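*Asks:* Attaching a predicted model along with its sequence, questions to come.
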Amino acid sequence: MSVSMEKHESQSNGLSAVPSDASIGSSSKTDMDLSSLEYRLQQFRSNAMDNINSELQDVARDMIHEMARSTKGLSAVDSDREHGRKVFRARDSVLTYLLTSMHIQTLYNIFVAILIIFAVNTVVSDYLEHGRLVLNFSMLLWAFEKMPIVITAWIVMFFGTLVVYPLFLGYTSVRGSAAASKRRLVDMAYFLGYILFQSLFIVIPVMVIRAYDMAPGSSVIIICEQVRMIMKMHSFLRENIPRVVEYHREAKANASVNDVVPGFSQYLYFLFCPTLLYRDNYPRTERTRWSYVFSNLMQVAACLMYVYYIFVRFCVPVFSQTGKQQWNTRIFISSVMSSMLPSTMVFILGFFSILHSWLNAFAEMMGFADRMFYKDWWNCRSWAAYYRKWNVVVHDWLHAYVYSDARLLLPVGHKKSRTIAMFTVFIFSAIIHEYVLTAAFGFFFPVLLLVFGGIGVSFIFLTHDRQSRIWNIFMWVMLFFGNGVLMCFYSLEFYARANCEPSSDIWFDLLVPRILTCQW
């Protein structure tokens, strides 16, 4: 078509100069080659655009599919209560959903790459400074020293939790055989015995830690396991004693108390499965993927090395001279600022290693199918949502046995029952967190108590019902700042106690921060 048009144009524009047959043939051939080249370029462009559009559609489809999977998993999270009671169902952790996406997996790969860079940095620095590789794990070995004593203490505490089951059976039998008028007396006697038992369960492990002067890592293991076992024992009794009392009240004919008393195997499974809420049955998996267990345990080990490197490279050089050199406000502010990034890295690594990898490993070993140990707290725009989603395992326990029970103790229809119950939860949680740190480090320094129970509570009202993305940025800024403050204060006090002389008064030395009495 274009060739015929060009011929017509040449004839109309040049009637006086008639070319020869040879020149006409040559021009016609050149025009055909150009037309063919133009056609091929158009075809190439069309095919290229089609391929690009196809690739973009595939990427968009994959992202929509992954978002739908993630949204499905997340939506299942928020509907996990029926009539105020936690309902367990088979589901994966949020990160398990998200890591199926190549785009989210890349973020995971970035953290792995940073760990590799840290390792390379260590090797290069050792060769430049010492001419050889110096693998110095002395601080890590010191933090987790005396492990045989830790294991022995854990075994003793575990057998202490097993004693609860026969004591519960004894309570059931004694109460059932007692006259109706004396059952309240039996309840009161066993309640006082329970308080005494729990008090001993709290005091004895702390005495062991102090007697053997254990390092923070070993102390944290004992204290965290102590708190976990106490919470599990309380849940078991709190869920089953009302069933026994109801059975005795109704006294149904042809009914046996064994119908409401769980078996020992159920209690034993509960002690090991990754939840703090007792149920007679949980959703279970059909098989155990040992490769998945191994992968998660390796992630825990990698996170531990990651945290160790951060402390050794970024924290120890800053705070190890506390008490030996002069400090002032400028140095303190600089230390807080320099602590923000490493402390937040430790915060994220602690979350991933414990709430994701460690709990998923145990869930897989125990065949526990409900893996919703946390929710998408990183997307929160209010602090109330963050506190609910950060640690679902502990939040469920607090909701069931502190928040709900606190509301039961208040008069029905009390206008401030929700607010009072909420403050009770925060005070209780802040005290437990401070107890863990005090028992682990050997000193009382209530910075976390003030940050968590004071400033954190005020942020709940400040960020209530906020929808703008700016509040998610605000949450992350406050997390960075809060983690920096916590790491700075506790590191200062830890090294002040290592470098400064203690007070002659034991209780004064325990309760008063040594950074206030240290001679700078």
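*Replies:* That came through, no problem.
*Asks:* give the contact list for the residue with the shortest distance to the centre of the chain.
*Replies:* Nearest to the mean C-alpha position of the chain, by Cα atoms, centre = their mean, lies residue 351 at 3.2 Å. Contacts for residue 351 (Cβ atoms under 8 Å, 6 or more residues apart in numbering) come out as 374, 390. Every residue, glycine included, has its C-beta placed from N, CA and C.
*Asks:* Per-residue pLDDT of residue 66, please?
*Replies:* If you check residue 66, the pLDDT there is 51.
*Asks:* Check residue 253 too.
*Replies:* On the pLDDT scale, residue 253 gets 50.
*Asks:* what does residue 336 give?
*Replies:* 84.
*Asks:* And for the one 3 residues further on?
*Replies:* According to the predicted model, the pLDDT of residue 339 comes to 85.
*Asks:* was I right about it contacting residue 311?
*Replies:* No. With contact defined as Cβ atoms under 8 Å, residue 339 does not reach residue 311; the gap is 10.9 Å.
*Asks:* Same drill for those two, tell me which one is more crowded.
*Replies:* residue 339 (25 against 19; other Cβ atoms under 10 Å).
*Asks:* Output the helix or strand that one falls within as CSV - backbone C-alpha positions only.
*Replies:* Taking DSSP states H and E as the definition, one finds residue 339 inside helix 329-350. Extracted in CSV, the C-alpha atoms of helix 329-350 (Å, rounded to 0.1, in the frame of the first residue of the first chain):
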residue,chain,number,x,y,z
THR,A,329,23.8,15.3,80.0
ARG,A,330,25.4,15.6,76.5
ILE,A,331,27.0,12.2,76.7
PHE,A,332,23.8,10.7,78.1
ILE,A,333,21.6,12.1,75.2
SER,A,334,24.2,11.0,72.7
SER,A,335,24.2,7.5,74.2
VAL,A,336,20.4,7.3,74.0
MET,A,337,20.5,8.4,70.4
SER,A,338,23.2,5.8,69.5
SER,A,339,21.2,3.1,71.3
MET,A,340,18.0,3.5,69.3
LEU,A,341,18.9,1.5,66.2
PRO,A,342,20.7,-1.4,67.9
SER,A,343,18.1,-1.7,70.6
THR,A,344,15.2,-1.7,68.1
MET,A,345,17.1,-4.4,66.1
VAL,A,346,17.3,-6.4,69.4
PHE,A,347,13.6,-5.8,69.9
ILE,A,348,12.7,-7.1,66.4
LEU,A,349,15.1,-10.1,66.7
GLY,A,350,13.7,-11.0,70.1
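*Asks:* buried ones in that helix?
*Replies:* Of the residues in helix 329-350, 335-336, 338-340, 342-349 count as buried by neighbour count, 16 or more other Cβ atoms under 10 Å.
*Asks:* by contact count, what packs against the following helix or strand past it?
*Replies:* As assigned by DSSP H and E, the chain's next helix or strand after helix 329-350 is helix 359-366. Using 3 or more Cβ pairs under 8 Å, 6 or more residues apart in numbering; DSSP states H and E as the contact test, the elements touching helix 359-366 are helix 264-272, helix 290-310.
*Asks:* any low-confidence regions in the stretch 51-200 of the chain?
*Replies:* Of all residues in the stretch 51-200 of the chain, those with pLDDT under 70 make up the ranges 51-79, 81-83, 134-135.
*Asks:* Please name the residues that touch residue 361.
*Replies:* So residue 361 contacts 292-293, 296-297, 300 (Cβ under 8 Å, 6+ apart).
*Asks:* likewise residue 289?
*Replies:* Contacts of residue 289 (Cβ under 8 Å, 6+ apart): residue 364.
*Asks:* Would you show me how to pick out the buried ones of the contacts of residue 361 in ChimeraX?
*Replies:* Buried residues within those, by 16+ other Cβ under 10 Å, are selected in ChimeraX with:
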select :293,296,297,300
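*Asks:* quick check, nearest of the contacts of residue 361 to residue 130?
*Replies:* Nearest to residue 130 among the contacts of residue 361 is residue 300, at 30.2 Å by Cβ to Cβ.
*Asks:* ok, now how distant is the closest one from residue 433?
*Replies:* 22 Å (Cβ to Cβ, to the nearest Å).
*Asks:* same question, residue 238
*Replies:* On the measure of Cβ to Cβ, residue 238 and residue 433 end up 22 Å apart.
*Asks:* in the stretch 401-520 of the chain, which ranges drop under the pLDDT threshold?
*Replies:* 412-415, 519-520.
*Asks:* what are the ranges of the helices in it?
*Replies:* 404-409, 417-441, 447-450, 456-462, 470-499, 506-511, 514-517 (DSSP state H, counting those that start in this stretch).
*Asks:* same deal with the stretch 151-300 of the chain?
*Replies:* Counting by DSSP H, counting those that start in this stretch, the helices of the stretch 151-300 of the chain are 183-211, 216-250, 264-272, 290-310.
*Asks:* most neighbours per residue, which of those helices?
*Replies:* helix 216-250 (a mean of 18; mean count of other Cβ atoms under 10 Å).
*Asks:* and the closest residue in space to residue 356 that isn't next to it in sequence, what helix or strand is that in?
*Replies:* Excluding its sequence neighbours, the residue lying closest to residue 356 (Cβ to Cβ, 6 or more residues apart in numbering) is residue 95, at 5.4 Å. Per DSSP H and E: residue 95 is located in helix 94-98.
*Asks:* from the middle of its chain, how far away would that helix be?
*Replies:* Taking Cα atoms, centre = their mean, to the nearest Å, the mean C-alpha location of helix 94-98 is offset from the chain mean by 13 Å.
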